[in-house]
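Chemist: below: sequence and its predicted model.
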Amino acid sequence: MPGGRLTQQERQQIALGLADGLAYAEIARGLDRPTSTITREVMRNGGPTAYRADLAHRATERRTQRRRQSPPGVAKAPRQAHGRDTEAVREYEEVFTTVLMQTGLPKMMARVLACLCLSDEASLTASELVERLQVSPASVSKAIAFLESQGLARRERDERRRERYFVDDDIWYQSMVASAQGTAQLAETARQGVGVLGLGTPAGGRLENIARFLDFISESITRAAEQARDVLYTRADTAAPGGTAKPGTDRTGGDGAGRD
C-alpha cells in the first residue's frame, strides 16, 4: 500500500471520483489508500461538494511549509495521552472542525468546540485553548459566548478561580431539540401566512404544505432525540457498575429529563 502524502495526481482522481458520486471507500480502493485518508483529505479541503484537487494540493503545501518555518517560540502540539499518534489526532481535529463548520458553525466556534470535544476531560481553560489554537484570548472568549448561547458549552470556576469551559455529554441532544424548536417556529410562521394569503390560493396552499412538512420534521427530530437519550443515557443506578455515572447523567444523579 503506498505511503506518504497524497500526490497531485491522486487528488485529481479523488476529485473525479467525487464528481462521479463514488463513496470514499470506492475512491480509496482505486488509489490503494485507506478510506480514512480519503475522508480526511476531502473534509479538510471543503467537503465533497467543494473539493478541488489543485486548491487542496496548494493548501497542503502551504500547511507543510508553515510547519517547517514555525519559529522556535511557537508552541508545539501537546503530547498525546494513551499512546495516541499526535499527527493523526491533529489531522482528525481538522476534519472534525471542517464538518462542524459545514453544519453552520463559524470557523473559530467550530475550532473551540472540536478542541473541547476531543479533550479527555471534556473541559479546558481559556489559556489552554489559547495555547492549543494559537489565537487571542478575545477570540476564545467570543467563541465560548456563542457556543453558550447555542447550548453547546458552559463555563464554571475551578478551584483556582480560573474559568473552565465544558462540553456535556448531552450537547447534541440539546442542539437537536433547539433545532426542532426553530423548525417548529418556522412552521407556525408559514401557517400564519396561510391565513393572510388564503388556503385556496396557490401561495396559501404552498405555505400550508411547508407548514405540514416542517411540523412533521420538528416532531420527528424531537421524538428521535428523546428516544436516543433514553436509550444511550441511562440512570447511573440502573446501568453503571459501581455507581459510576453514565454519559448524560447530571451531578445530582438525574438523567437530565425536564431540561428544555
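Modeler: Structure's in. What do you need?
Chemist: before we move on, which element is Val194 in?
Modeler: helix 171-197 (DSSP states H and E).
Chemist: and the helices in the stretch 151-260 of the chain?
Modeler: Assigned by DSSP state H, counting those that start in this stretch, the helices in the stretch 151-260 of the chain fall at 171-197, 202-232, 236-239.
Chemist: wasn't Gly47 part of a helix?
Modeler: No - counting by DSSP: H, G, I helix; E, B strand; the rest coil, Gly47 is not found in a helix; it is coil.
Chemist: quick one: low-confidence parts of the stretch 1-150 of the chain?
Modeler: Where the stretch 1-150 of the chain drops to pLDDT under 70, the residues are 1-3, 66-79.
Chemist: what are the ranges of the strands in it?
Modeler: Counting by DSSP state E, counting those that start in this stretch, the stretch 1-150 of the chain has strands at residues 123-125.
Chemist: what's the nearest residue to Glu94 if we skip its chain neighbours?
Modeler: Leaving out its chain neighbours, the residue that sits closest to Glu94 by Cβ to Cβ, 6 or more residues apart in numbering is Arg44, at 4.7 Å. Every residue, glycine included, has its C-beta placed from N, CA and C.
Chemist: any idea how far Thr39 is from Leu186?
Modeler: Distance of Leu186 to Thr39, given as Cβ to Cβ, to the nearest Å: 33 Å.
Chemist: please disregard the earlier target; I meant Ala184.
Modeler: Ala184 is 34 Å from Thr39, by Cβ to Cβ.
Chemist: same thing with Tyr92?
Modeler: 10 Å.
Chemist: run a quick neighbour tally on Glu159.
Modeler: 6 (other Cβ atoms under 10 Å).
Chemist: residues of stretch 105-125 that come out buried?
Modeler: Buried residues in stretch 105-125, counted by 16 or more other Cβ atoms under 10 Å: 105, 108-119, 122-125.
Chemist: what does stretch 38-54 give?
Modeler: So stretch 38-54, judged by 16+ other Cβ under 10 Å, has buried residues Ile38, Thr39, Arg40, Glu41, Val42, Met43, Arg44, Asn45, Gly46, Pro48, Tyr51, Ala53.
Chemist: repeat that for stretch 148-157.
Modeler: Gln150, Gly151, Leu152, Ala153.
Chemist: as a markdown table, these with distance to Gln192 would be great.
Modeler: Below are the buried residues of stretch 148-157 laid out as a markdown table (distance: Cβ to Cβ, whole Å):
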| residue | distance to Gln192 |
| --- | --- |
| Gln150 | 26 |
| Gly151 | 27 |
| Leu152 | 30 |
| Ala153 | 34 |
